[in-house]
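Engineer: fold the following for me, if possible:
(chains A and B)
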2 protein chains.
Amino acid sequence: MLPAPLNPPIRTLLGPGPSDVHPRVLAALAKNTVGHLDPYYLEMMNDLQQMLRDLFRTKNEMTMAISGTGSAGMEATVVNLIEPGDAMVVGVNGVFGARMADVAERTGATVTRLERSWGEVFTPEEIAATVERVKPKVVGIVMAETSTGAYQPIEPISRVVHDGGALLLVDAVTSLGGVPVEVDQWQIDAIYSGSQKCLSCPPGLAPVSFSAKAMEAIKSRKTKVQSWYLDVTMLANYWGQNRVYHHTAPINMSYGLYEAVRIIHEEGLDACFARHQLQHRALKAGLAAIGITYAAAEGYQLPMLNAVHVPPGIDDTAVRAGLLNRFGIEIGAGLGAFKGKVWRIGLMGYGSRVANVMLLLGALEQLLAEQGHKFTPGSTLAAANAIYAGK
Amino acid sequence: MLPAPLNPPIRTLLGPGPSDVHPRVLAALAKNTVGHLDPYYLEMMNDLQQMLRDLFRTKNEMTMAISGTGSAGMEATVVNLIEPGDAMVVGVNGVFGARMADVAERTGATVTRLERSWGEVFTPEEIAATVERVKPKVVGIVMAETSTGAYQPIEPISRVVHDGGALLLVDAVTSLGGVPVEVDQWQIDAIYSGSQKCLSCPPGLAPVSFSAKAMEAIKSRKTKVQSWYLDVTMLANYWGQNRVYHHTAPINMSYGLYEAVRIIHEEGLDACFARHQLQHRALKAGLAAIGITYAAAEGYQLPMLNAVHVPPGIDDTAVRAGLLNRFGIEIGAGLGAFKGKVWRIGLMGYGSRVANVMLLLGALEQLLAEQGHKFTPGSTLAAANAIYAGK
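Structural biologist: Numbers count the residues shown, from 1 in each chain, chains lettered A, B, ... in the order given. Okay, the predicted model is just below:
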């Protein structure tokens, strides 16, 4: 007995990712496949690399897409930079910092976890103190903690990391394409992202970039990179001028990423970031009108990932089930320390638009009213629209 | 300046993979994305797992798709099974055996390369002797060497590997879906494949399966699996009943794989394998008519990957360029020891059909005649059609 024909339900994806995929990206995925050494494909890779450099705001030669999801991008940057005997510091204030530390510990390097409560961010002073004490080869930090909605400023940290002689590794999975990410200006040495957040492409590819200094460090390793699949010196021979076969590139997924990044550049980075801010402010105003507050502190809230407190007395699971089953909306549950306490509302890329803010606020009002939450009906939409009206 | 809009040329992919993608699979890739914890998606994963079990002919619980290409599947099986201090034997008679040894050496295990000339296969006797001498934990072998077109019988080797107390790891990247692969009957302990060969799906996913004995060995490890991304104990928690978030699954690629495997089961495995044999025989008869012979010995030739000698006096590069530029056909060049000496003609999955055999033979006749190769015009098509006519 064969299972049912493929027929996924229509959802509005307002969770922590995957986000809603742009229709042009879906169409790109379905274009006819060519070979991974086809002259057309090699040219397309060049163009994709250049568009990724423009997105990361870098001139780094070694900028490309890893053939795996954002977590593969994390592993690729970590395992290339460190080896047994090295020291690494990782900032842990949520799920993804903890994941980076776990990945790093598996290399045999000595990993120091610098911890902060969930929702908080790190100060340059505490990073500087740890770098001074540990003298690490690499400091890894998450720019946009998808589990807490906290925004970590990178530039001040970069200064203290480099003053301490270390390399800076940044997780930009959720930030890239939603807020400015300035690889060269901020002197980031290695960075990774994922296709399924603000790029509005399905999950499956991880844009990465390595600075010349990072590539020097990789070339000076004493041991082979522990992962053959993610060995950036071999990947450089395929993505570089030599075009030496390494593994078979995921052709159609890279069509999707090409289209996704092209759409961002058509809009322009500044306009794209401004749109993310506007939709975030509208959502936030709407939520405030019914007493819903943010997990991260004012000034450190991500526009594309709104982690908000579940109001007292409200049944987390029932609300999320109602959103999904009655309105076709997916939002994210809390993870780890935030389980049952936080909702994670994504307004990412193509998904960051007025229609989705209005839909979500309307649906939330309905479900919260049914659970006895007190507020003036229509207040969320009015507050959001005041933002759109520039008030 | 933005690069050109995406507009890949139409090719007929008759190389070593990616193969031509079935139109239904391309359409599946473009279906609307749902979340990776959506009830629909979890149900779809269950169905995909069962269809993969039926394809691998196994009851192995731990059967799933790794979120990477076939090489990620290779790395996933290797790094889960071995750790520092272990011994592994790898059969090396082409590019992919050598790759498996390289992957294995990066784990810190002791790896013994059992070598054979390119195009040859291993006898149970020589495997038995090496197992006896090395006493490995794992023996890794390539069933269908994509670089040489050689078919390695697995069942006789399985017996001697298990007699020696080792686990058997099989590379089925090119074989799965094209020839019988009997995981349970042949007692294969771990196996991996890729989506872009006989499954006629784009590259990007790697079906794998682990026997209960392999999972026991993994649970008895002394160290953590060196790759977080490929750690099968964590993946088992997402693909299993618990559905614990690990990494974000590549949703649309798994739509493609679902459709691809469903198409194979609609046809039926026996019919699918018979079709691959028939098209192989027709191609082989056509090539024989103009004096083109196979790199692998009679009886050990793969039906889906026809590695044939470039005829004496013929310019390899000019013929492949002519095929691509004048006829839109991609075939594979020789790799490594076979560079410039061999063509690799894939008749894989959806691509294994009469139209492609006729197209390729017709185009080859044209190009070879122009280079002064002597033969009776039309002889390839006549020979192929004699096979189709059952003669």
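Engineer: which parts of chain A are helices?
Structural biologist: A:23-29, A:39-56, A:70-81, A:95-105, A:124-134, A:155-163, A:212-219, A:232-239, A:251-267, A:269-288, A:316-327, A:354-370, A:379-388 (DSSP state H).
Engineer: deepest in the core, which of those is it.
Structural biologist: helix A:70-81 (a mean of 28; mean count of other C-beta atoms under 10 Å in any protein chain shown). Using the backbone N, CA and C atoms, a C-beta is placed for each residue, glycine as well.
Engineer: can you tell me if that helix touches chain B.
Structural biologist: Yes - contact of helix A:70-81 with chain B is found when judged by C-beta under 8 Å from any C-beta of the partner chain, involving A:70-72, A:75.
Engineer: repeat that for stretch A:237-255.
Structural biologist: Yes - on the criterion C-beta under 8 Å from any C-beta, stretch A:237-255 is in touch with chain B at A:245-253, A:255.
Engineer: closest to B:Thr33 among those?
Structural biologist: The closest of the residues of stretch A:237-255 next to chain B to B:Thr33 turns out to be A:Met253 (C-beta to C-beta; 12.5 Å).
Engineer: contacting residues for the closest one?
Structural biologist: A:29, A:67, A:195, A:201-202, A:204-205, B:202, B:204, B:250, B:252-253 (C-beta atoms under 8 Å, 6 or more residues apart in numbering or on different chains).
Engineer: before we move on, what about A:Trp228?
Structural biologist: A:Trp228 neighbours (C-beta under 8 Å, 6+ apart): A:234, B:71, B:75, B:99, B:102-103, B:106.
Engineer: what do you get for A:Val131?
Structural biologist: By C-beta under 8 Å, 6+ apart, the neighbours of A:Val131 are A:89, A:139, A:160-161, A:163-164, A:166.
Engineer: from these, which two are the most distant?
Structural biologist: A:Val89 and A:Asp163 (13.8 Å).
Engineer: list the contacts of the closest residue to chain B within the stretch 251-391 of chain A.
Structural biologist: When scored by C-beta to the nearest C-beta, the stretch 251-391 of chain A has A:Asn252 as its residue closest to chain B, at 4.0 Å. A:Asn252 makes contact with A:29-31, A:33, B:21, B:26, B:29, B:202, B:204, B:253, B:256, according to C-beta under 8 Å, 6+ apart.
Engineer: redo that, cut-off 7 Å
Structural biologist: Residues near A:Asn252 by C-beta atoms under 7 Å, 6 or more residues apart in numbering or on different chains: A:29, A:33, B:29, B:202.
Engineer: I'd like to know how far the closest residue to it other than its chain neighbours sits from A:Met253.
Structural biologist: Nearest residue to A:Asn252, sequence neighbours excluded (C-beta to C-beta, 6 or more residues apart in numbering or on different chains): B:Pro202, at 4.0 Å. From B:Pro202 across to A:Met253, the span is 7 Å (C-beta to C-beta, to the nearest Å).
Engineer: coming back round to it: count the neighbours of the residue nearest to A:Asn252 for me.
Structural biologist: 29 (other C-beta atoms under 10 Å in any protein chain shown).
Engineer: and for A:Pro312?
Structural biologist: 7.
Engineer: and it, what's its pLDDT?
Structural biologist: A:Pro312 is assigned a pLDDT of 95 by the prediction.
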